[in-house]
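> got a structure for you, letters missing:
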């Protein structure tokens, strides 16, 4: 992507702290939706090469970029919204909530917020949604990387608690093996019940997974 094009455009209009916001995990059957907000520095000398839509990057590359982003970002925050809230208010509203929480958890107050896709947030700040923003906007791409690395690591932790479902590889998405496991042993506490109702027989596999859960975490 052309680094900082959008951020510099808004800086020229007087917006000094432009936050990029993105999410990971809207589609999986299990686990939270994770949202990140990032305010990156505007100096070209601090721009990180290789920032892009996280889906286009290998896990190794994403993890390396995430460490660089955390080192140079002016501010960043990550927020989880868990399966209980997703089931209660639906995934779209849960994603909006997670993005709002991430923006509000930034250590620096943003004066402009750029989101991926067509998402509109309930915030008292100027905002703009950009189709394919994670591939076009530097700070949104950075946010997508932080959210993806965070969520993948979380799902590896859940895989240790619930080995039947293959979370270490499918990260909660509805692969054939994952669906077959649900049919065989039932769901676990991190499954989204509204996402599995068409093939779930009502059984729940319980374990102490709640020790890992934390909605609205910022780090």
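That came through, no problem. Since the structure is predicted, the reported quantities are computational estimates derived from the model, not experimental observations.

> switch to C-alpha atoms for all contacts and neighbour counts from now on
OK.

> give me the contact list for stretch 196-206.
Defining contact as C-alpha atoms under 8 Å, 6 or more residues apart in numbering, one finds that stretch 196-206 is touched by 29, 179, 182-183, 185-189.

> what subset of those is buried?
29, 179, 182-183, 186-189 (16 or more other C-alpha atoms under 10 Å).

> out of the contacts of stretch 196-206, flag the one nearest to residue 136.
Within the contacts of stretch 196-206, the smallest distance to residue 136 is 28.2 Å, found for residue 29 (C-alpha to C-alpha).

> state the phi and psi torsions of that closest one.
Main-chain dihedrals, residue 29, degrees, to the nearest 10: phi -80, psi -20.

> thinking residue 95 is in contact with residue 35, fair?
Yes - using C-alpha atoms under 8 Å, residue 95 is in contact with residue 35, at 7.3 Å.

> joint contacts of these two?
Common contact partners of residue 95 and residue 35 (C-alpha under 8 Å, 6+ apart): residue 23.

> show me where pLDDT drops low in this structure?
For the chain, applying pLDDT under 70 flags the ranges 1-2, 207-219.

> this protein: strands as residue ranges?
18-24, 33-39, 75-81, 112-116, 127-130 (DSSP state E).

> name every strand pairing with the second one and say which way it goes.
So the one you mean is strand 33-39. The strands beside strand 33-39 in its sheet (DSSP bridges) come out as strand 18-24 (antiparallel), strand 75-81 (antiparallel).

> OK, contacts around residue 29?
172-174, 191-192, 195-196.

> now render these as TSV, adding neighbour count.
Listed next are these as TSV, based on neighbours: other C-alpha atoms under 10 Å:
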residue	neighbour count
172	25
173	19
174	18
191	22
192	25
195	19
196	19
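
> what's the local residue count around the residue lying closest to residue 194 once chain neighbours are set aside?
Nearest residue to residue 194, sequence neighbours excluded (C-alpha to C-alpha, 6 or more residues apart in numbering): residue 87, at 5.7 Å. Residue 87: 15 surrounding residues under other C-alpha atoms under 10 Å.

> okay, residue 87 and residue 183: tell me how far apart.
For residue 87, the distance to residue 183 (C-alpha to C-alpha, to the nearest Å) stands at 20 Å.

> cool, and residue 101?
Taking C-alpha to C-alpha, one finds residue 101 at 35 Å from residue 183.

> do residue 203 as well
9 Å.

> repeat for residue 155
Distance of residue 155 to residue 183, computed by C-alpha to C-alpha: 20 Å.

> likewise residue 102?
If you measure residue 102 against residue 183 using C-alpha to C-alpha, the figure is 35 Å.

> and if you look at residue 36?
As judged by C-alpha to C-alpha, residue 36 and residue 183 stand 33 Å apart.

> what is the neighbour count of residue 170?
Per other C-alpha under 10 Å, the neighbour tally for residue 170 reads 19.

> residue 166 now?
Using other C-alpha under 10 Å: residue 166 sits among 20 other residues.
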